[in-house]
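>>> Got a sequence here, can you build the structure:
(4 chains)
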Number of protein chains: 2
Amino acid sequence: MVMTERDFTQPDIEDVALHAVLFALSDPTRLAITRALADGEEHSAGDLAGDIPKSTMSHHLKILREAGITTTRPEGMRCRVSLRRAELNRRFPGLLAAILKNAG
Amino acid sequence: MVMTERDFTQPDIEDVALHAVLFALSDPTRLAITRALADGEEHSAGDLAGDIPKSTMSHHLKILREAGITTTRPEGMRCRVSLRRAELNRRFPGLLAAILKNAG
DNA sequence: GGTTATGTTCTATGGTTCTAGAACACAGCA
DNA sequence: TGCTGTGTTCTAGAACCATAGAACATAACC
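As a prediction, the model looks like this:
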């Protein structure tokens, strides 16, 4: 029996494509999640979910993670999600800030 | 017989939603079109098309237009497409610039 | 082990999108 | 009246996506 580690693989920031980031943020639910993460803190999936079913939330978080926008870190029985803000700003200077500024 | 004017309706800039703009620019083809329009000039659809079939091009231009990103003006038998740069910058300050800067 | 809490993965369904051929509409010109 | 160039609309197919219930996996605690 192999102890399978939960897989929260995220792309190397250099491999992130602009159109993938824009697509990930083009969904209102994911944009709202990203706004909530913009405080710089780590949030658990449950905190971010609100009324959204777990499976739907998991789906959206996966897309954000695979687009290079977020990091997910397992901690105990929950997971901690946060923005890859500095990395993203290095890859696409000013992009996330411009989007977040206009997302309010 | 009614002379039907070609319909290049575009939304009022105030009605444009951020997620719609991000979605429109999340397609590599449409992002390339937008980059080509970033010179500030009017381009005909044919000039922008390259290898892309006419119907596909028309589809993408319609999405960009309906997202509030471009204006299409009929001129003779062709149409002139251009960016709504100033309006868009008023609605979402810094957004288009940040995207275009990172689209290269 | 049993139970509970937190998420993921599986699966299905309905809707949307991309692509592109074919037909059509319009402008200009011979 | 045709003919050509430019672009739209119609239509269809394949792929993709959002949603969410059900089952499963993991962690913590008794």
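>>> Looking at the residue sitting nearest the centre point of chain A now. What's its pLDDT?
Central residue of chain A (C-alpha atoms, centre = their mean): residue A:70, 3.0 Å from the mean position. We note a pLDDT of 98 for residue A:70 in this prediction.
>>> next one: residue A:5
For residue A:5, the predicted pLDDT is 55.
>>> returning to that earlier point: would you mind measuring from the closest residue to the residue nearest to the centre of chain A other than its chain neighbours to DNA strand C?
Nearest non-adjacent residue to residue A:70, counting by C-beta to C-beta, 6 or more residues apart in numbering or on different chains: residue A:64, 4.5 Å away. No exception for glycine: its C-beta is placed from N, CA and C like everyone else's. Counting by C-beta to the nearest atom of the strand, to the nearest Å, the separation of residue A:64 from DNA strand C is 11 Å.
>>> now do residue A:52
11 Å.
>>> again, but for residue A:25
15 Å.
>>> Isn't that residue up against residue B:22?
Yes: Residue A:25 is within contact range of residue B:22, at 5.2 Å (criterion: C-beta atoms under 8 Å).
>>> got the CA coordinates for the helix or strand in which the residue nearest to residue A:70 is found in PDB?
When secondary structure is defined by DSSP states H and E, residue A:64 falls within helix A:54-66. Extracted in PDB, the C-alpha atoms of helix A:54-66 (Å, rounded to 0.1, in the frame of the first residue of the first chain):
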ATOM      1  CA  LYS A  54     -17.700  21.200  -2.600                       C
ATOM      2  CA  SER A  55     -17.200  19.500  -5.900                       C
ATOM      3  CA  THR A  56     -17.800  22.700  -7.800                       C
ATOM      4  CA  MET A  57     -15.400  24.600  -5.600                       C
ATOM      5  CA  SER A  58     -12.800  22.000  -6.000                       C
ATOM      6  CA  HIS A  59     -13.200  22.300  -9.700                       C
ATOM      7  CA  HIS A  60     -12.700  26.000  -9.800                       C
ATOM      8  CA  LEU A  61      -9.700  25.900  -7.400                       C
ATOM      9  CA  LYS A  62      -8.100  23.300  -9.600                       C
ATOM     10  CA  ILE A  63      -8.400  25.600 -12.600                       C
ATOM     11  CA  LEU A  64      -7.000  28.500 -10.800                       C
ATOM     12  CA  ARG A  65      -4.100  26.400  -9.500                       C
ATOM     13  CA  GLU A  66      -3.400  24.900 -12.900                       C
END
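>>> Now residue A:53. Its backbone dihedrals?
When quoted as degrees, to the nearest 10, the phi and psi of residue A:53 stand at phi -60, psi 150.
>>> Then residue A:75?
Residue A:75 adopts backbone torsions of phi -140, psi 110, taken as degrees, to the nearest 10.
>>> Can you give me the neighbour number for it?
Neighbour count of residue A:75, defined by other C-beta atoms under 10 Å in any protein chain shown: 10.
>>> Look up the residues forming beta bridges with it.
residue A:78 (DSSP bridges).
>>> now residue A:56: how far from residue A:49?
Relative to residue A:49, residue A:56 is positioned 8 Å away (criterion: C-beta to C-beta, to the nearest Å).
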